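# Sequence and predicted structure are below.
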Amino acid sequence: MTNSRSCFILGLPAAGKTSYLSALAYSLQQGKVETKLHWNKYSGNQQYLANLSTTWAAAEPVLRTSIANQQNCLSLCLNDQDNNVYNVMFPDLSGETFQKQYTDREIEASLAKSITDCEGILLFINPQQIVEPTLISELPLRPRQLAAEEENIAKRNPTQDDPTEVQLVSLLQDVMYLRGGNICSLIIIISAWDTVKEYETIPEEFVNKRLPFLWQFIKTNESIFSTSFYGVSAQGGSYETPEQSELLISQHMEKPVERILVVNFHGEESHDITLPLWEAVNQVSER
């Protein structure tokens, strides 16, 4: 049986969206490590996905998706272990697109339709890019006393100064409004999990501690968002220097896909980067 599903990928700049797609493209074509989802047949912009796969295999940094090179619609024809076939459609959009939506309070009609029509949303968060909220009580006393003087007030840049969780909650509120309150699978992916795994083991606990406003919003709207949390290291480590890339490759020569680390909501580890996507489409199919 073939199911047509659409997933929407959401995240601020450098959240790990394209890195995830790179590892996903490689994982779907390899056969040394079992995954929940596999290629069924090629469809859509395969050259774009092939380039991402090649970049991942070489342990090279992927180019961040810009507004100029974003993919409005990627198509994957996949099957699971029970031979269910899924035609999965999703966009690879730049984080700046979503920040523009946040600052301008406007959304393009095509983007709104993608959100309205989708069955599942993958929300990416980079733990190294989180902007923490600042309490008034934490500000030095002198600037607060001079707050009335215009020359002493720094101009606010919403995309850089507003807390990450505030921006994400605003985007999810847009999702709720556009979908009219209809239930939606929400898969929250904490990217670069290798940078936090030493002191965090459960992805949801990370969100609760580091992004409590976002966590409270999700819990308050459980009737709308059917949510799961994953920690994902798509790269397996840092690619900042050629030596680091060579080390990663040498450590996983026989099974490169084992560079990938995926931690589910129970804290269980695997190398199957298709799990978040599989859960999104599986939750939809079970409704």
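It's in.
# so where do the strands sit in the stretch 151-287 of the chain?
Counting by DSSP state E, counting those that start in this stretch, the stretch 151-287 of the chain has strands at residues 184-190, 225-233, 261-263, 269-270.
# what does the third one contact?
What it means is strand 261-263. Residues outside strand 261-263 that contact it (CB atoms under 8 Å, 6 or more residues apart in numbering): 193-194, 197, 201-203, 230-233, 236, 269-273, 275-276. Where C-beta positions appear, they are placed from N, C-alpha and C, glycine not excepted.
# what's the most buried one of the strands of the stretch 151-287 of the chain?
strand 184-190 (a mean of 25; mean count of other CB atoms under 10 Å).
# Relative to the whole chain's centre, how far out is that one?
Centroid displacement of strand 184-190 relative to its chain, using CA atoms, centre = their mean, to the nearest Å, is 8 Å.
# before we move on, what about stretch 167-179?
With CA atoms, centre = their mean, you get 15 Å for stretch 167-179.
# Show me the contact partners of it.
Counting by CB under 8 Å, 6+ apart, 10, 12, 98-99, 101-102, 107, 112, 115-116, 121, 123, 125, 158-159, 184, 186, 211, 213-214, 217-218, 221, 224-225 sit against stretch 167-179.
# Among the residues you listed, name the buried ones.
The neighbour count (16 or more other CB atoms under 10 Å) marks 10, 12, 98-99, 101-102, 107, 112, 115, 121, 123, 125, 159, 184, 186, 211, 214, 217-218, 221, 224-225 as buried among these.
# for the stretch 1-150 of the chain, which spans come out with low pLDDT?
1-2, 42-45, 63-72, 139-150 (pLDDT under 70).
# can you give me the helices for it?
Ranges of helices in the stretch 1-150 of the chain, per DSSP state H, counting those that start in this stretch, are 17-29, 46-57, 95-104, 109-117, 141-145.
# does residue 159 really touch residue 104, like I thought?
No. Contact between residue 159 and residue 104 fails when scored by CB atoms under 8 Å: they sit 10.9 Å apart.
# show me what contacts the closest residue to residue 55 other than its chain neighbours?
Distances taken as CB to CB, 6 or more residues apart in numbering place residue 62 nearest to residue 55, at 5.4 Å, with adjacent residues excluded. For residue 62, the contacting residues are 18, 19, 22, 52, 55, 56, by CB under 8 Å, 6+ apart.
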